[in-house]
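Participant: Prediction below, plus the sequence it came from.
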Amino acid sequence: MRQSEITALLAGADDPGLFSAADALTRQNFGTEIYIRGIVEFSNHCDKNCRYCGLRRANTKLHRYRLSVDDILHCLDLARELKLGTVVLQSGDDFTYTREDIARILTESKARSDMAVTLSLGDRPLEDFAYWREIGADRYLLKIETFDAELYANSRPGLTLADRLGRIEALRKAGYEVGSGIITDLPGMTLDILASDLMRLSELDLDMIAAGPFVPNPDTPYGAEPSGSILTALRAVAILRLLNPLANIPATSALNALRDGAREQGLTAGANVIMPSLTPEEVSGNYAIYPGKNAFRADAKSRLQATKEAIRRVGRTPSEAIGGSKRRILHG
């Protein structure tokens, strides 16, 4: 698919054809199953100052929290009780947790079950990536947000696109299933930039990919910018599916932050993964990357049940399977 064709689809050239083709391809490769990954957001501290993110270092209005290693392990025990095949451990770039802290979580988790563990901890040293993979980490998520170098630098002060891409390559070499993603309608993004981003994200041939809309946080420099378009984000998901037939693609929580029910809509536009929060209710609302993140305040069991009901409403089947990379199985 050429970039000009992608740009036209992003502009709405053929929504019925686009969404129908993406849905058919998803069903062809995944049936009606939607993989459920429980996500534990264990710290909202971050040493980065990204202009779009509520966890940014300079945001003094955010109530900060950290879960202890034992608290995190309790969340993993809960995930096992709920029979989830995968758990995602996510935080801001918080170096209070040492390499050994994460290793203990991985080691104890793997000793108790074969549940897959995905890490999403930001820019850790490459030797940490390799060590965690050696002792059992299965997957790593590291978002790009945009491949436009100037837009990247503006959005993530002091950081470079080249460094981020290098880390993704290091994760691949370490043997992880690797995931990344972009933000649609990030301030300064055009449809041409988004089309290029979708192509470049696909060229990385990743196991997991995502596209979620920009949601402005009033406590950030981008707080007065307009919200991203849900429709543009859904078109991006559908295009990613056509370009990456075997990738695991989540319907992101950012969709629901803009409109209740939009995340389920993503499950009919090419997504095959959904990630309900297992973060303890007393702190989950403070993982405020954007307003509306974790807006559904309830215990983890109730959140999971609500997620399953939403999946069924759009004619899909909730699945607690590990849901490993089909791309890897096929291509090795």
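Facilitator: Right, received. Where do you want to start? Numbers count the residues shown, from 1 in each chain.
Participant: Strands of the stretch 51-200 of the chain, start to end?
Facilitator: Using DSSP state E, counting those that start in this stretch, the strands of the stretch 51-200 of the chain run over residues 86-91, 116-120, 139-141, 177-184.
Participant: who wins for proximity to A300 among the ones you listed?
Facilitator: strand 86-91 (11.1 Å; Cβ to Cβ). Quick note: C-beta positions are derived from backbone N, CA and C, even for glycine.
Participant: which intervals of the stretch 201-332 of the chain have sub-threshold pLDDT?
Facilitator: For the stretch 201-332 of the chain, applying pLDDT under 70 flags the ranges 295-298, 329-332.
Participant: repeat that for 80
Facilitator: Counting by pLDDT under 80, the stretch 201-332 of the chain shows low-confidence ranges at 294-298, 327-332.
Participant: Do you have the strands of it handy? List them.
Facilitator: 208-213, 273-274, 317-319.
Participant: So which of the ones you listed is the most surrounded?
Facilitator: Most buried of the strands of the stretch 201-332 of the chain by mean neighbour count (mean count of other Cβ atoms under 10 Å) is strand 208-213; its value is a mean of 26.
Participant: Spit out the contact partners of the most centrally placed residue in the chain.
Facilitator: For the chain, A210 is the residue whose C-alpha lies nearest the centre (Cα atoms, centre = their mean; 6.1 Å). The neighbours of A210, taking Cβ atoms under 8 Å, 6 or more residues apart in numbering as the test, are K143, G179, S180, G181, I182, I249, P250, T252.
Participant: and the nearest residue to it once chain neighbours are set aside, how many neighbours?
Facilitator: Of all residues not flanking A210 in the chain, G181 sits nearest, at 3.1 Å (Cβ to Cβ, 6 or more residues apart in numbering). Residues near G181, counting by other Cβ atoms under 10 Å, number 23.
Participant: same deal with T60?
Facilitator: Residues near T60, counting by other Cβ under 10 Å: 7.
Participant: where's it relative to R235, distance?
Facilitator: Separation of T60 from R235 (Cβ to Cβ, to the nearest Å) stands at 37 Å.
Participant: quick revisit: which of the strands of the stretch 51-200 of the chain sits closest to D148?
Facilitator: strand 177-184 (10.0 Å).
Participant: Direction-wise, compare the closest one with strand 116-120 and give the angle.
Facilitator: On the basis of axes from the mean of the first three to the mean of the last three Cα atoms, to 10 degrees, strand 177-184 is oriented at 40 degrees to strand 116-120.
Participant: Next up, the contacts around the spatially closest residue to S91 that is not a sequence neighbour.
Facilitator: Among residues not flanking S91 along the chain, S43 sits closest, at 3.9 Å (Cβ to Cβ, 6+ apart). Contacts for S43 were tallied using Cβ under 8 Å, 6+ apart; they are Y65, R66, L67, S91, G92, D94, T96, Y97.
Participant: Please tell me how far the second one sits from N286.
Facilitator: The reference is to R66. From R66 across to N286, the span is 11 Å (Cβ to Cβ).
Participant: what does the fifth one give?
Facilitator: From G92 over to N286 the distance is 11 Å, taken as Cβ to Cβ.
Participant: ok, back up a step: need phi/psi at the residue nearest to S91.
Facilitator: Phi and psi for S43, reported as degrees, to the nearest 10, are phi -160, psi 140.
Participant: does the residue nearest to A210 really touch L198, like I thought?
Facilitator: No: under the criterion of Cβ atoms under 8 Å, G181 lies out of contact with L198, with a separation of 10.7 Å.
Participant: Please enumerate the shared neighbours of the two.
Facilitator: Common contacts of G181 and L198, defined by Cβ under 8 Å, 6+ apart, comprise A211.
Participant: okay, stretch 228-244 in PDB with CA atoms only?
Facilitator: Extracted as PDB, the C-alpha positions of stretch 228-244 are listed here (Å, rounded to 0.1, in the frame of the first residue of the first chain):
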ATOM      1  CA  GLY A 228      -7.700  13.600  18.500                       C
ATOM      2  CA  SER A 229     -10.400  12.200  16.200                       C
ATOM      3  CA  ILE A 230     -11.800   8.800  17.200                       C
ATOM      4  CA  LEU A 231     -12.600   8.100  13.500                       C
ATOM      5  CA  THR A 232      -9.000   8.800  12.500                       C
ATOM      6  CA  ALA A 233      -7.700   6.500  15.200                       C
ATOM      7  CA  LEU A 234     -10.000   3.700  14.100                       C
ATOM      8  CA  ARG A 235      -8.900   4.200  10.500                       C
ATOM      9  CA  ALA A 236      -5.300   3.900  11.700                       C
ATOM     10  CA  VAL A 237      -6.000   0.700  13.500                       C
ATOM     11  CA  ALA A 238      -7.700  -0.800  10.400                       C
ATOM     12  CA  ILE A 239      -4.800   0.200   8.200                       C
ATOM     13  CA  LEU A 240      -2.300  -1.300  10.700                       C
ATOM     14  CA  ARG A 241      -4.300  -4.500  10.500                       C
ATOM     15  CA  LEU A 242      -4.100  -4.600   6.700                       C
ATOM     16  CA  LEU A 243      -0.400  -3.900   6.800                       C
ATOM     17  CA  ASN A 244       0.200  -6.400   9.700                       C
END
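Participant: Perfect, that will be all.
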